[in-house]
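Visitor: sequence-free structure coming up:
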């Protein structure tokens, strides 16, 4: 029983954490945005070409700085964020996106954690937990 | 999963028959195996991917119109622009004085320039993340007389999708990007790609 109570508490805890994160994300998305915010949002989704796994927004490199000013210039000229992203994808490929677009084979990295979690829970219930209860009952 | 389930019941039956210890040991081995299996899979995934250079990608621009440019020259006054070079085979070499492979490829670039300049091929060095002073002392040290130009704001480098230096692009006479290579360029690669671009220009 205590094991079940613990797992219920764990699930409730996980739901609360995910819910809070979603709330936080939606609160952020609701703000009105200045040009600098919009430029930052685009830069945060682009991978810095001269450093690994750092966004154009976070990288201190000179090229990233020049990419940030390129983004700001294009926003000021009235280009949409989609067009600016497309400009970078045309030159660097989808490599430049920190998040792979969710379509086709790109779904694999998005699906793997969910599938792995489900498989882990299933294995835990089906295999790892069962011998224990089997041992407790005769004892 | 389906193969695990029957053996689990078998194990429970064995546990009831022979006492707790052997069954418990067997289930512990199984637990370890279940925990290790994903770790091994993950290690294999890392082993297959970590040795690769994530930036050694073919250019997105191959076959597409080469981005235009108009750049201040460093070796002489004035500017050099893609319009001036229209209809010619252009080798665009992104380089910097702080870049070691750029030193390594310098003689290969010079040899290709010397061999093909008579046939209207232009080698253009575009400076990347460097100062004009650095570029000029590199020139004085290693020589070479093909045009070199500064790239304020790295606009041309970004337009060509440059990840780092050296990177070399060959532009065909029709203005499309014919080839690209990352890292020190070799004389053989240059002659192959220049010849191919010249042939393409003659056919059209």
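Guide: Everything's here; your move. A quick note: this is a predicted structure, and the numbers were derived from the prediction, not measured.

Visitor: Name the next helix or strand following the worst-scoring helix or strand of chain B on mean pLDDT along the chain.
Guide: None of the helices or strands of chain B scores lower by mean pLDDT, DSSP states H and E than helix B:4-18, at a mean of 45. Next helix or strand after helix B:4-18 toward the C-terminus (DSSP states H and E): helix B:20-50.

Visitor: Around residue B:192, how many other residues sit close by?
Guide: 13 (other CB atoms under 10 Å in any protein chain shown). For glycine as for every other residue, the C-beta is placed from the backbone atoms N, C-alpha and C.

Visitor: and it, what are its phi and psi?
Guide: Per-residue torsions, residue B:192: phi -60, psi -50 (degrees, to the nearest 10).

Visitor: in the sheet, who's paired with residue B:169?
Guide: With DSSP bridges as the criterion, residue B:169 is bridged to residue B:92, residue B:180.

Visitor: Which other helices and strands does the one helix or strand residue B:111 maps to contact?
Guide: Taking DSSP H and E as the criterion, residue B:111 maps to helix B:100-116. Helix B:100-116 is packed against strand B:90-95, strand B:122-127, helix B:132-142, helix B:187-203, with contacts defined by 3 or more CB pairs under 8 Å, 6 or more residues apart in numbering or on different chains; DSSP states H and E.

Visitor: What's the separation between the residue nearest the centre of chain A and chain B?
Guide: Taking CA atoms, centre = their mean as the criterion, residue A:99 is the residue nearest the geometric centre of chain A, at 7.1 Å. Distance of residue A:99 to chain B, given as CB to the nearest CB, to the nearest Å: 15 Å.

Visitor: wait, what's in contact with the residue nearest to residue B:86 when sequence neighbours are not counted?
Guide: Using CB to CB, 6 or more residues apart in numbering or on different chains and skipping residues adjacent in sequence, the residue nearest residue B:86 is residue B:175, 6.4 Å away. By CB atoms under 8 Å, 6 or more residues apart in numbering or on different chains, residue B:175 lies in contact with B:65-66, B:82, B:86.

Visitor: low-scoring pLDDT stretches of chain A, where are they?
Guide: Within chain A, the ranges that satisfy pLDDT under 70 run A:1-3, A:26-32, A:130-139.

Visitor: Show me how the record splits it into domains.
Guide: As assigned by automatic domain parsing, chain A contains the domains A:1-31, A:34-99, A:103-139.

Visitor: Of the ones you listed, which stretch is the most buried?
Guide: Most buried of these, by mean neighbour count (mean count of other CB atoms under 10 Å in any protein chain shown): domain A:34-99, with a mean of 17.

Visitor: Is there contact, residue-wise, from stretch A:33-46 to chain B?
Guide: No - Stretch A:33-46 stays clear of chain B (CB under 8 Å from any CB of the partner chain), getting no nearer than 10.9 Å.

Visitor: And the contacts of that stretch?
Guide: Stretch A:33-46 is contacted from outside by A:31, A:55-58, A:64, A:67-68, A:71-72, A:75-76, A:81, A:84-85, A:88, A:96-99, using CB under 8 Å, 6+ apart.

Visitor: Centre of the chain to that stretch, how far?
Guide: Relative to its chain's centre, stretch A:33-46 lies at 17 Å (CA atoms, centre = their mean, to the nearest Å).

Visitor: Toward the C-terminus, what is the element adjacent to the helix or strand residue A:20 falls within?
Guide: Using DSSP H and E, the element containing residue A:20 is helix A:2-29. Per DSSP H and E, helix A:2-29 leads on to helix A:35-44 as the next helix or strand towards the C-terminus.
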